[in-house]
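Trainee: Structure of the sequence below:
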Amino acid sequence: MEVFKDKEKRKGLIGTILFHIALLVLFAIYGLTYMTPRPEQGVLINFGTSDVGSGDVQPETSGEEVPVEEEVVEEVVTPPTESEVNPTEEEVMTQDLEETIETPPKKKEKTQEEIQREKEEQEQIEKQKEFEAKMKKVWNNQKKGGSEGTDNESGDKGQENGTPDGDAYNGTPGGGGDGIGDYRLSGRNALQKIKPVYDCQESGRVVVQVRVDRNGNTTDAKLEFKGTTNSASCLVKRAVQAAMKTKWEAKPDAPDVQIGTITYQFELN
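Mentor: This is a model prediction of the structure:
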């Protein structure tokens with residue numbers, strides 16, 4: 001009985017498999033068809049102008065189109081802001097506010113001649129101060145009743161037209177009231193004497209130191225404080241001008257530069 005049951009089960013399984021295989025083959029050959037449904041059609045709506053009405057006659061339209069009022073939309077224009085209107089102006093203003101760096105000017109270097117000239121001017125100023133101090137001292141001594149000289153008696157020995165710095169108590173001082181002057185150059189005489197222009201309200205003696213070459217030309221002239229009683233600029237200027245125009249004797253065996261003095265006496269008329 002068990003064998004019989006096994007055969008029946010096997011036959012039933014084989015039959016089922018074959019049936020399904022046959023069914024799949026048929027599906028593969030003929031395929032499964034799908035009936036596409038017809039598209040839906042819309043319903044025609046009757047034209048009318050009201051919600052109620054009766055009869056079968058359709059009223060004709062007048063043919064006049066009712067104008068459709070278009071809604072006018074106002075466009076609101078937003079005014080541009082100040083920053084949008086003048087962006088370039090702001091940039092320019094910002095540029096104007098930038099600081100400018102100033103370059104300090106270069107300091108001009110002094111030449112050797114300028115340094116020497118300043119040195120000589122400083123020496124002249126110091127000599128002038130020394131001269132004024134001596135004159136003040138002499139004046140104070142006179143007021144206090146001081147005395148000077150080689151004698152045993154009190155008094156200020158010397159000559160009224162002399163100089164406080166002079167060493168000699170006797171003799172004739174050079175020059176005179178005509179302003180021609182006293183010319184002193186060792187071994188050489190003045191050939192051309194120039195009278196200085198006298199155009200200021202000052203009086204006194206001015207001593208000028210001169211430098212003379214071998215040909216007798218005056219190459220330089222400047223104030224000599226020793227012996228000068230009035231160093232007013234107007235007197236010194238005229239005395240130096242006259243000294244520079246003075247011509248001396250030529251002397252081939254003289255030094256290249258020989259130093260002498262010219263004393264001018266200026267007196268108010």
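
Trainee: surely Phe225 meets Ser231?
Mentor: Yes. Taking CB atoms under 8 Å as the definition, Phe225 is a contact partner of Ser231 at 7.2 Å. For every residue, glycine as well, the C-beta is placed using N, CA and C.

Trainee: Between those two, which contacts overlap?
Mentor: Both Phe225 and Ser231 are contacted by 128, 131, under the criterion CB atoms under 8 Å, 6 or more residues apart in numbering.

Trainee: Can you tell me how far Leu24 is from Ile17?
Mentor: 11 Å (CB to CB, to the nearest Å).

Trainee: Repeat that for Tyr183.
Mentor: Distance from Tyr183 to Ile17, counting by CB to CB: 164 Å.

Trainee: got any ranges where the stretch 1-150 of the chain has weak pLDDT?
Mentor: Low-confidence regions of the stretch 1-150 of the chain, defined by pLDDT under 70, span residues 1-4, 31-47, 50-108, 134-150.

Trainee: and if we set it to 80?
Mentor: Within the stretch 1-150 of the chain, the segments meeting pLDDT under 80 span 1-5, 30-110, 113, 121, 124-125, 127-150.

Trainee: Residues in contact with stretch 210-220: which ones?
Mentor: The contact list for stretch 210-220, computed with CB under 8 Å, 6+ apart, reads 185, 188, 191, 221, 243-252, 254-262.

Trainee: Separate out the buried members of the residues you listed.
Mentor: 185, 188, 221, 243, 246, 248, 251, 254, 258, 260-262 (16 or more other CB atoms under 10 Å).

Trainee: how about the strands in the chain?
Mentor: For the chain, applying DSSP state E gives strands covering 182-184, 190-192, 204-212, 218-224, 247-248, 258-266.

Trainee: What average pLDDT does the last one get?
Mentor: Per-residue pLDDT over strand 258-266 has a mean of 94.

Trainee: what helices or strands is that strand leaning on?
Mentor: strand 182-184, strand 204-212, helix 233-244 (3 or more CB pairs under 8 Å, 6 or more residues apart in numbering; DSSP states H and E).

Trainee: So which of these is nearest Gln116?
Mentor: strand 204-212 (15.3 Å; CB to CB).

Trainee: and the closest one with strand 258-266, angle?
Mentor: 160 degrees (axes from the mean of the first three to the mean of the last three CA atoms, to 10 degrees).

Trainee: who does strand 204-212 pair up with?
Mentor: Here strand 204-212 has these sheet partners by DSSP bridges: strand 218-224 (antiparallel), strand 258-266 (antiparallel).
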